[in-house]
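**Student:** curious how this folds, go ahead:
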Amino acid sequence: MADLKTKYLGLDIKSPLVASASALSKKLDNIKAMEDAGLGAVVLYSLFEEEIINEQLALYHFLTRGSESFAEAITYYPDLEKYNSGPDKYLQLIRTAKEAVDIPVIGSLNGVSTGGWIKYAKLIEEAGADALELNMYFVSTDPQLSSDVLEKAHIELVSDIRKSIKIPLSVKLSPFYSSIPHFSASLVKAGAKGLVLFNRFYQPDLDIEALEVVPKLELSRSSDMQLPLRWIAILYDRVAADFALTSGVHSAEDIVKALMAGATVAMTASALISNGIGFAGALIEELAQWMNDYEYKSVDQMRGTLSQKNVAEPAAFERANYMKALTLYDNRIMYTG
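**Tutor:** Numbering: from 1, shown residues only. Below is the predicted model of the structure:
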């Protein structure tokens, strides 16, 4: 029988399929179901410093509005202990999850200030998280902000957080950095043990009748994994990190591709949202069956076999693939016509 066990961020996990950060992890019962389905670990939904600040400002406004004019009105307000305007709910979820499941529970954090990143990273560690994923969801819109300045700031941030906590760190990246290999290596040097490729940037849409910018959420498809698949294959064994492929993992075949490219784990959320958490169990069973059929004894044996370093034609991951794809497309049009 194929051995699905592996290590991610130094943590022992029972399978290479991990639940990526999503709203599913807001409920303890869902986290329990993830363990029961065979998932190797769960990354909790992200704690956003910006959201905490906004909640605290809103609460302050609510409690102080009109209090000077209507002193008696303060009696209408519920007990302050019933408010949740900070990270308490998130931290309590970590504590209860750690008591309820045996799989690693990984916190996820998105900050807006260096002090905020460090403060909440420490709180997440103190709550008992096994590791921390830094969700660097940042859209640069300032023409005066150079890529060099932005990347140095992120590298320094990782270094500062690494010095402040002891649990393993991973960094969830976007694909929009000018030199992904150099930036990835710099993050690892700064203290990141894992790199999660890639963060999905939910693009806004335009309502042309209401003349508004509106949010738009679309779940991933298997085709979305091609970009992280390519970069993990390129970075494997060149950057000393555990790679997690996220976006587009919907089948056992997708998991196999991720591992063969060089990923330590494959992460999924959209597939679980679409098909239910129990779907993870089917994926893991199919993965084990595929490995048995093709005589792979362990996931470690598979890892990196189709990375750029190990394939017969390394240029296939670079410009040569662009030219071949265009040629294939041209030929298809010609033969169809």
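
**Student:** neighbours of the closest residue to Ile31 other than its chain neighbours, how many?
**Tutor:** Counting by Cβ to Cβ, 6 or more residues apart in numbering, the nearest residue to Ile31 once its immediate chain neighbours are dropped is Ala97, at 5.1 Å. No exception for glycine: its C-beta is placed from N, CA and C like everyone else's. Neighbourhood size, Ala97 [other Cβ atoms under 10 Å]: 22.

**Student:** does Ala97 really touch Pro104, like I thought?
**Tutor:** No: using Cβ atoms under 8 Å, Ala97 is not in contact with Pro104; the gap is 10.1 Å.

**Student:** and for the two, which residues touch both?
**Tutor:** Residues touching both Ala97 and Pro104 (Cβ atoms under 8 Å, 6 or more residues apart in numbering) are Val42.

**Student:** quick revisit: what helix or strand does the residue nearest to Ile31 sit in?
**Tutor:** Assigned by DSSP states H and E, Ala97 belongs to helix 88-100.

**Student:** list of residues touching that helix?
**Tutor:** By Cβ under 8 Å, 6+ apart, the list of residues contacting helix 88-100 reads 25-26, 28, 31-32, 42, 44, 47, 105, 107, 123-124, 126-130.

**Student:** keeping just the C-alphas, turn stretch 165-181 into PDB.
**Tutor:** Once non-C-alpha atoms are left out, stretch 165-181 reads as follows in PDB (Å, rounded to 0.1, in the frame of the first residue of the first chain):
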ATOM      1  CA  ILE A 165       8.200  33.600  17.100                       C
ATOM      2  CA  LYS A 166       9.500  30.100  17.100                       C
ATOM      3  CA  ILE A 167       6.800  28.100  15.200                       C
ATOM      4  CA  PRO A 168       7.500  27.400  11.500                       C
ATOM      5  CA  LEU A 169       6.700  30.200   9.000                       C
ATOM      6  CA  SER A 170       5.400  29.900   5.400                       C
ATOM      7  CA  VAL A 171       4.700  32.800   3.000                       C
ATOM      8  CA  LYS A 172       1.800  32.800   0.600                       C
ATOM      9  CA  LEU A 173       2.900  34.700  -2.500                       C
ATOM     10  CA  SER A 174       1.300  36.300  -5.400                       C
ATOM     11  CA  PRO A 175       2.800  35.600  -8.900                       C
ATOM     12  CA  PHE A 176       3.400  39.300  -9.500                       C
ATOM     13  CA  TYR A 177       6.900  39.800  -8.300                       C
ATOM     14  CA  SER A 178       9.600  40.800 -10.800                       C
ATOM     15  CA  SER A 179      11.900  37.900 -10.100                       C
ATOM     16  CA  ILE A 180      10.100  35.100  -8.300                       C
ATOM     17  CA  PRO A 181      13.300  32.900  -7.900                       C
END
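
**Student:** for it, buried residues please.
**Tutor:** 165, 167-174, 177, 180 (16 or more other Cβ atoms under 10 Å).

**Student:** distance between it and the chain's centre?
**Tutor:** 10 Å (Cα atoms, centre = their mean, to the nearest Å).

**Student:** then stretch 234-253?
**Tutor:** 12 Å.

**Student:** cool, and stretch 7-14?
**Tutor:** 16 Å.
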